[in-house]
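Enquirer: How does the following fold in three dimensions:
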Amino acid sequence: MAADPFALPEAALAEYLTQHVDGFHGPLAATKFKGGQSNPTYRIDAASGCYVLRRKPPGVLLPSAHAVDREFRVLRALQHSAVPVARALHLCIDDSVIGSMFYLMEHVDGRVFWDPAMPDIGNDQRAANYDDIIATLAALHAVDVDAAGLADYGKPGNYFARQLARWTEQYRASGFQQRNWSTQPVAMMETLLAELPPRCPADDGRVALVHGDYRSDNLMFAHDTSAHSRPRILAVMDWELSTLGHPLADLGYFCMALRLPGQPPLPGLAGIDRAALGIPDEAAVLRRYSELSGTRVDADWSFVLAFSFFRLAAIAQGVAKRAQQGNASSERALQAGCMVTLLAQMGVQALRDG
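Expert: Down below sits the predicted model:
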């Protein structure tokens, strides 16, 4: 039987962490989390406590992808900000320790809502959760990147144009075909590639720290969800795609969940009576974000949404490509490839609606 490429050398890792992380003591046991399509993530149970490890996946990777060192940097920068994050403990750039770069952070004891409908809580709590989600996003975009030491974390200006170029390149680099389904060529993706650049808005000077993958399952909530407890986001997770960019990019990405169908691997809220569940509609999300952030939502919103669908489709194809190569992090990675056509179709529809 072939060795598991994601297995960690526990004894060697324990020895390394004991030497490099204050207060860490082995032995340890590593358990890979099932979620996550990109950077493999592990729960580390050690004699000194519980931690979380994020690593680059093994194998051949696209250039600039899986930059766990960037994740570590932004976690450190946000440690004492209004944005809740796990405490980053150590970055290891020595590939010989476990086979790829990794970092260790504290374990945050909370709950993740994998389904954005949050079916197992009451309506009042659900509505409050969504308000916290929007408030946390506004707080993120209010971070003073200069004061946080992140002025060089990305290129300021022309964010949408630069991202279109980047994800077009990544999409082309990830092209492949498989027996039962194909992600290349996808006609609707070609339509987006042709129609998005002319619609790209002019740079309006707004620059913020953007998360890049802001959705409910990348947020850790406090366990107590009683009617008398104010919901609280304990940590924003998965910062791999973070950069300096336009704040509306995060907002558009988050609003995709309102339009996506409720099916894995990208569960959405389309077809659900959201009002009955206390979930705000798109207009309410935009209005509340504007109130909390002071940021105008006056761009070509149809473009913002279409761009978000295109970008996610390009990401999904990259995930599927890694699955074909055997180095994707999630068992559902091939399902992500199946979503490329649907996401592209929804992107074209959003663009035409405007």
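
Enquirer: Can you tell me the element the residue nearest the centre of the chain falls in?
Expert: Taking CA atoms, centre = their mean, the centroid of the chain lies closest to Asp213, which sits 2.8 Å from it. For Asp213, there is no host helix or strand (DSSP states H and E).

Enquirer: Equivalent analysis for Asp238, please.
Expert: With DSSP H and E as criterion, Asp238 is part of no helix or strand.

Enquirer: Now do the contacts for the residue nearest to the centre of the chain.
Expert: 238, 240-241, 253 (CB atoms under 8 Å, 6 or more residues apart in numbering). C-beta here means a position set from N, CA and C on the backbone, and glycine is covered the same way.

Enquirer: Tell me the confidence at the nearest residue to Ser293 once chain neighbours are set aside?
Expert: Closest residue in space to Ser293, ignoring its immediate chain neighbours: Ala138 at 3.9 Å, by CB to CB, 6 or more residues apart in numbering. Here the pLDDT value assigned to Ala138 is 97.

Enquirer: count of residues packed around Ala138?
Expert: Neighbour count for Ala138, taken as other CB atoms under 10 Å: 20.

Enquirer: burial of Ala88, as a residue count?
Expert: Neighbour tally, Ala88, other CB under 10 Å: 21.

Enquirer: before we move on, the earlier item: pull the most distant pair out of the contacts of Asp213.
Expert: By the measure CB to CB, Glu240 and Tyr253 form the most distant pair in these, at 13.7 Å.

Enquirer: okay, and the common contacts of the two?
Expert: Common neighbours of Glu240 and Tyr253 (CB under 8 Å, 6+ apart) are 212-213.

Enquirer: So these two - more neighbours on which side?
Expert: The neighbour comparison of Glu240 against Tyr253 (other CB under 10 Å) goes to Tyr253, with 23 against 19.

Enquirer: Tell me if I'm right that that one and Ser216 touch.
Expert: No - using CB atoms under 8 Å, Tyr253 and Ser216 do not qualify as a contacting pair, with a distance of 11.9 Å.

Enquirer: my read is the residue nearest to Ser293 is in a helix, agree?
Expert: Yes - Ala138: assigned to a helix according to DSSP: H, G, I helix; E, B strand; the rest coil.

Enquirer: do you know how far it is from His246?
Expert: Per CB to CB, to the nearest Å, Ala138 is found 14 Å from His246.

Enquirer: what's the answer for Asp204, then?
Expert: 8 Å.

Enquirer: per-residue confidence for Ala336?
Expert: pLDDT, read off for Ala336, is 66.

Enquirer: need the contact list for Leu193.
Expert: 168, 171, 310.

Enquirer: cool, Gly252 as well?
Expert: For Gly252, the contact set (CB under 8 Å, 6+ apart) comprises 301, 304-305, 307-308.

Enquirer: again, only this time at 7 Å
Expert: Contact analysis of Gly252 by CB atoms under 7 Å, 6 or more residues apart in numbering lists 304-305, 307-308.

Enquirer: Which residue comes closest to it once chain neighbours are left out?
Expert: Looking at Gly252 with CB to CB, 6+ apart, the closest residue is Val304, at 3.8 Å.
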